[in-house]
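# Provide a 3D model corresponding to the input given below.
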Amino acid sequence: MQHLTRDEIRQSLTTCGLKATHQRIVVLEAVAELHGSHPTAEDIFQRLRPANPTISLGTVYKTLDTFTETGMLRRVVSEGGSKRYDSNTMTHSHIYCSKTKEIVDFEDEELEQLLLKFFSERKLENFEIKGFSVQLTGCKVEPDKKISITRVSK
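Okay, the predicted model is just below:
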């Protein structure tokens, strides 16, 4: 989610059938500002608190739950069950470093096609697939370097 104006945020909220309250607007602004870092509710609360001293952590949690229910955000669960939030709602997967707690997005059309083919060739009883996400969990080999993924030629 790139930086949005307040009017664009209001429009996004109303498009999703939500009332554009002050709390929802500032939470969505904070998520946009923290884009790419997959913040926790606590991260967002800390970001908001100085300019919004009356907002509670409970309000932030409830607002984030509403945003995930309407599809405005995705919830990413990291090791230990910590809930993090992702403003990228397009199909993509994640790499999670258990040492640094970093979560990095990655998109791979070939992987998506392999997964779709895999499940189309199997009968999944009593379950309708609406989407999928792969999460790789591990540790950075060199802690000071960024996590990246590149295709190695065959």
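# residues near residue 67, how many?
Neighbourhood size, residue 67 [other CB atoms under 10 Å]: 24. C-betas here are computed from N, CA, C, even on glycine.
# now swap in residue 47 and tell me
Using other CB under 10 Å, residue 47 is surrounded by 19 other residues.
# same question, residue 121
Neighbour tally, residue 121, other CB under 10 Å: 7.
# what about it, distance to residue 114?
Distance from residue 121 to residue 114, counting by CB to CB, to the nearest Å: 11 Å.
# next one: phi and psi at residue 81?
With angles defined as degrees, to the nearest 10, residue 81 sits at phi 80, psi 10.
# Which pLDDT value belongs to it?
At residue 81, the model reports a pLDDT of 78.
# Please apply the same query to the one 10 residues further on.
Here the pLDDT value assigned to residue 91 is 84.
# Residue 40 too?
Looking at residue 40, its pLDDT stands at 94.
# Surely it and residue 81 touch.
No - checked against CB atoms under 8 Å, the pair residue 40 and residue 81 is beyond contact range at 11.4 Å.
# Show me the shaky parts of the chain.
1-2, 154 (pLDDT under 70).
# Which parts of this protein are helices?
Using DSSP state H, the helices of the chain run over 6-15, 22-33, 41-48, 57-70, 109-120.
# Pick out whichever of residue 40 and residue 81 has more residues nearby.
Set side by side, residue 40 and residue 81 show more neighbours around residue 40, with 19 against 6, by other CB under 10 Å.
# residue contacts, that one?
If you count contacts by CB atoms under 8 Å, 6 or more residues apart in numbering, residue 40 has them with 82-85.
# How about the contacts made by residue 132?
By CB under 8 Å, 6+ apart, the contact list for residue 132 reads 91, 112, 115.
# just residue 63 next, same as before
Residues in contact with residue 63 (CB under 8 Å, 6+ apart) are 23-24, 27.
# Apart from its neighbours in sequence, what residue is nearest it?
Computed as CB to CB, 6 or more residues apart in numbering, the closest residue to residue 63 that is not its neighbour in sequence is residue 27, at 4.5 Å.
# Could you check how far the one you found is from residue 150?
Taking CB to CB, one finds residue 27 at 35 Å from residue 150.
# Please apply the same query to residue 133.
20 Å.
# try residue 109
According to CB to CB, residue 109 stands 15 Å off from residue 150.
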